[in-house]
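J.: Predicted structure and sequence below. I'll ask about it afterward.
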Amino acid sequence: AIGATDSKPSDWVDGYMTTAAYNIIGPWLAGWVVFAAAISNIALFQAELSSDSFQLMGMAERGFLPPFFAKRSRHGTPTYCILLGVLVMIVMICLDMGSLVEMLNFNYSFALLLEYTAFLKLRLFRSDLHRPYRIPLYSWACVVFMIPPIVLVLLVITLASIQTIIVSLIFLVVGILLYAIRQKNSSDGDADADADGSFESSLESDYLLISYGSTSS
């Protein structure tokens, strides 16, 4: 499309592909470009909403969210999780694209920071724990190896706006409260779970799941 038009690079803004299709072929191609873009966006929306809702349902089944989020409809879909996802998306519509990207990078940086610290903690304090893969470095070398990415992550966090920090802190507090509730519910059923050792195995699996999210120790 770039080579077939006389447009300047500054002309390529959102929606200009339709204009280029109109200038190259005609109205019918421009219409098909709009139609294809609409179908693609709807499919991406449905895929994202479905994956997020099932993740929320999985968290509810593991006790990280209230139990009613684990309920399914007669079609097997997590109804309340879908409604929550739609509600969050409606709220996010009020923000501009730059704020959404900044918020995404800020929270992703926090997630990476947790993974890096989990890796270092396991390597330094649980070196005897079974690992599917072990980085062939000494413990002190692993600490040095993790310093550059941690510094870069902290730099991204410090560049965030006040709005992003406030919203992210609100979600962080909500997550801590949900985790505290989950721990309380687990401790209430401690006596029954200890009978077959399922409570300890559940805690160990959660510990490994968080630690091995994206990094290997």
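T.: The structure has been received and is ready for your questions. Numbering: from 1, shown residues only.
J.: quick one, helices of the chain?
T.: 16-24, 27-61, 79-93, 97-125, 139-158, 162-188, 190-194, 198-211 (DSSP state H).
J.: To Ser73, which of those helices lies closest?
T.: helix 79-93 (4.7 Å; C-beta to C-beta). No exception for glycine: its C-beta is placed from N, CA and C like everyone else's.
J.: In CSV, list the helices of the chain along with distance to Ala70, mean pLDDT and mean neighbour count.
T.: Below are the helices of the chain laid out as CSV (distance: least, C-beta to C-beta, whole Å; pLDDT from 0 to 100; neighbours: other C-beta atoms under 10 Å):
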stretch, distance to Ala70, mean pLDDT, mean neighbour count
helix 16-24, 42, 83, 16
helix 27-61, 4, 90, 13
helix 79-93, 9, 88, 14
helix 97-125, 23, 88, 15
helix 139-158, 33, 90, 13
helix 162-188, 13, 82, 12
helix 190-194, 18, 50, 11
helix 198-211, 16, 48, 13
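J.: Format those as TSV; extra columns: distance to Lys8.
T.: Listed next are the helices of the chain as TSV, based on distance: least, C-beta to C-beta, whole Å:
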stretch	distance to Lys8
helix 16-24	11
helix 27-61	20
helix 79-93	32
helix 97-125	23
helix 139-158	33
helix 162-188	34
helix 190-194	67
helix 198-211	50
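J.: Those helices: which one's closest to Phe68?
T.: helix 79-93 (5.8 Å).
J.: Against which helices or strands is the closest one packed?
T.: On a contact count with 3 or more C-beta pairs under 8 Å, 6 or more residues apart in numbering; DSSP states H and E, helix 79-93 meets helix 27-61.
J.: roughly how far is the helix it packs on from the heart of the chain?
T.: Mean-position distance between helix 27-61 and its chain equals 17 Å (C-alpha atoms, centre = their mean, to the nearest Å).
J.: What of stretch 96-111?
T.: 10 Å.
J.: Run through who's touching that stretch.
T.: By C-beta atoms under 8 Å, 6 or more residues apart in numbering, the residues outside stretch 96-111 that reach it are 92, 95, 153, 156-157, 160-161, 163-165, 167-168, 171-172, 213.
J.: change it to 6 Å
T.: 153, 156-157, 160, 164, 168 (C-beta atoms under 6 Å, 6 or more residues apart in numbering).
J.: Can you show me the CA trace of that stretch as PDB?
T.: The C-alpha coordinates for stretch 96-111 follow below in PDB (Å, rounded to 0.1, in the frame of the first residue of the first chain):
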ATOM      1  CA  ASP A  96      -7.000   7.200  26.300                       C
ATOM      2  CA  MET A  97      -4.800   4.700  24.600                       C
ATOM      3  CA  GLY A  98      -1.600   6.200  26.000                       C
ATOM      4  CA  SER A  99      -2.800   5.800  29.600                       C
ATOM      5  CA  LEU A 100      -3.800   2.200  28.900                       C
ATOM      6  CA  VAL A 101      -0.400   1.300  27.500                       C
ATOM      7  CA  GLU A 102       1.300   3.000  30.400                       C
ATOM      8  CA  MET A 103      -0.900   1.200  33.000                       C
ATOM      9  CA  LEU A 104      -0.200  -2.100  31.200                       C
ATOM     10  CA  ASN A 105       3.600  -1.600  31.300                       C
ATOM     11  CA  PHE A 106       3.500  -0.500  34.900                       C
ATOM     12  CA  ASN A 107       1.600  -3.500  36.100                       C
ATOM     13  CA  TYR A 108       3.700  -5.900  33.900                       C
ATOM     14  CA  SER A 109       6.800  -4.400  35.400                       C
ATOM     15  CA  PHE A 110       5.500  -5.100  38.900                       C
ATOM     16  CA  ALA A 111       4.800  -8.700  37.800                       C
END
